[in-house]
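**Student:** let's see this in three dimensions:
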Amino acid sequence: MKKYFAELIGTMVLVFMGCGSAMFLGCEAAGGHLAVALAFGLSIVAMAYVIGNISGCHINPAVSLAVLISKKMSVKDFCGYVVAQVIGAIAGAALLKMVTGFGIEDLTGGLGSNGIANAGGIGGAIVIEIILTFIFVFTILGVTSDEKKGNVAGIVIGLTLVFVHIVGIPLTGTSVNPARSIGPALFAGGEALKNVWIFVLAPLVGAAIAAVLFKVIKVKDGGK
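**Tutor:** I've put the predicted structure just below:
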């Protein structure tokens, strides 16, 4: 249960800090996109060095799916992780909703939820999220497959999340994480909730592709 609880807390922090930066700073402000991207990335860095040795710091169902496909976790743990991550995301969004109750303006109008308007519709959003999630998860699998990179893994993963957000924020708001999308959408309702399936399905597809391709190209121990 400790690792599930760690995943819950980690995902809560990610949603609160990442979506919160978009809500209260605004992506349209000078440097807004970069600041929000950094907030998401730094959340990963912080949590990686806090809960990494407890749960591996997935804090993302797409990452957990890739690890499952790579046969590095059980189906039981996968289910436990996903439930904990979704609960954590909902808790993070609930905290943001509570903060807005003090009269603080939400500049996104939807708790930092994802959208498809700037992505060319459903098809564009799906393709964008698959590509961005593939890049993110592919990097995670690579950097965590080598124990020599253990000390810098959290930083590399965090920076990768930053650069996929730099591209994705103007288009979909960047999900690459089903839990991160579910939490805010539940409170935002409307179009955010209607389209949340896109930001659940596409990241899972991108993660699955990354896991399969990484298994194909991975160098075997002691051989090519």
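**Student:** could I get the contacting residues of the most centrally placed residue in the chain?
**Tutor:** The centroid of the chain falls nearest to N177 when counting by CA atoms, centre = their mean (3.5 Å). Residues near N177 by CB atoms under 8 Å, 6 or more residues apart in numbering: L14, I59, N60, P61, A62, V63, P203. No exception for glycine: its C-beta is placed from N, CA and C like everyone else's.
**Student:** would JSON lines of the residues you listed with neighbour count be doable?
**Tutor:** Output for the contacts of N177, formatted as JSON lines (neighbours: other CB atoms under 10 Å):
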{"residue": "L14", "neighbour count": "28"}
{"residue": "I59", "neighbour count": "31"}
{"residue": "N60", "neighbour count": "31"}
{"residue": "P61", "neighbour count": "29"}
{"residue": "A62", "neighbour count": "32"}
{"residue": "V63", "neighbour count": "27"}
{"residue": "P203", "neighbour count": "29"}
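**Student:** if I look at the residue nearest to the centre of the chain, how far off is V164?
**Tutor:** Relative to V164, N177 is positioned 10 Å away (CB to CB, to the nearest Å).
**Student:** repeat for V63
**Tutor:** Distance of V63 to V164, computed by CB to CB: 13 Å.
**Student:** got it, and L141?
**Tutor:** For L141 relative to V164 (CB to CB), the value is 15 Å.
**Student:** so in this structure, which helix runs the longest?
**Tutor:** With secondary structure taken from DSSP state H, the chain has its longest helix at helix 75-100.
**Student:** quick one: mean pLDDT over it.
**Tutor:** The average pLDDT within helix 75-100 is 97.
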